[in-house]
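Peer 1: Sequence and predicted model, in that order:
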Amino acid sequence: MGLLAILQQPDIEKKIQEAPDSSYEIGVVIGSYLPFVALVAIAYGIYYYNKKKRGSE
């Protein structure tokens, strides 16, 4: 995940520099981190489901 973040960083910085106002900057930041947060939440949900399923056996 660190490699992907490094690869995305220049693009995000470029978008923020070209942003027309601060609202756009906030949208770019949220839009760039939201997919990672969603993947972590899904992974945790799968982990919790499997942990609970194994405990009931």
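Peer 2: Ah, there it is.
Peer 1: low-scoring stretches of this protein, by residue?
Peer 2: 1-10, 56-57 (pLDDT under 70).
Peer 1: What segments of it are helices?
Peer 2: Applying DSSP state H to the chain gives helices spanning 2-17, 22-55.
Peer 1: I'd like these laid out as TSV, including mean neighbour count.
Peer 2: In this view, the C-beta of every residue, glycine as well, is placed from N, C-alpha and C. What follows is the helices of the chain, written out as TSV (neighbours: other C-beta atoms under 10 Å):
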stretch	mean neighbour count
helix 2-17	11
helix 22-55	11
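Peer 1: wouldn't Glu25 be in contact with Lys14 here?
Peer 2: No - with contact defined as C-beta atoms under 8 Å, Glu25 does not count as touching Lys14 (11.9 Å).
Peer 1: how far away is the residue nearest the centre of the chain from Ala43?
Peer 2: Centroid check for the chain by C-alpha atoms, centre = their mean gives Phe36 as the closest residue, at 2.1 Å. As for Phe36, its distance to Ala43 is 11 Å (criterion: C-beta to C-beta, to the nearest Å).
Peer 1: So what does Pro20 have for phi and psi?
Peer 2: Dihedral angles of Pro20 (phi, psi; degrees, to the nearest 10) stand at phi -70, psi -30.
Peer 1: Can you give me the neighbour number for it?
Peer 2: 7 (other C-beta atoms under 10 Å).
Peer 1: how close does it get to Pro35?
Peer 2: 24 Å.
Peer 1: Kindly report the same for Lys51.
Peer 2: Going from Lys51 to Pro35 by C-beta to C-beta gives 24 Å.
Peer 1: Please save the CA atoms from stretch 26-46 in PDB.
Peer 2: Listed next in PDB are the C-alpha coordinates belonging to stretch 26-46 (Å, rounded to 0.1, in the frame of the first residue of the first chain):
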ATOM      1  CA  ILE A  26     -10.800  18.900   0.200                       C
ATOM      2  CA  GLY A  27     -12.700  16.800  -2.400                       C
ATOM      3  CA  VAL A  28      -9.400  15.600  -4.000                       C
ATOM      4  CA  VAL A  29      -8.000  14.600  -0.600                       C
ATOM      5  CA  ILE A  30     -11.200  12.700   0.500                       C
ATOM      6  CA  GLY A  31     -11.500  11.100  -3.000                       C
ATOM      7  CA  SER A  32      -7.900   9.900  -2.900                       C
ATOM      8  CA  TYR A  33      -8.100   8.300   0.600                       C
ATOM      9  CA  LEU A  34     -11.700   7.000   0.500                       C
ATOM     10  CA  PRO A  35     -10.900   3.900  -1.600                       C
ATOM     11  CA  PHE A  36      -8.200   2.800   0.900                       C
ATOM     12  CA  VAL A  37     -10.500   3.300   3.900                       C
ATOM     13  CA  ALA A  38     -13.200   1.300   2.100                       C
ATOM     14  CA  LEU A  39     -10.800  -1.600   1.400                       C
ATOM     15  CA  VAL A  40      -9.600  -1.600   5.000                       C
ATOM     16  CA  ALA A  41     -13.200  -1.700   6.300                       C
ATOM     17  CA  ILE A  42     -14.100  -4.500   3.900                       C
ATOM     18  CA  ALA A  43     -11.000  -6.500   5.000                       C
ATOM     19  CA  TYR A  44     -11.800  -6.000   8.600                       C
ATOM     20  CA  GLY A  45     -15.400  -7.100   8.000                       C
ATOM     21  CA  ILE A  46     -14.200 -10.300   6.400                       C
END
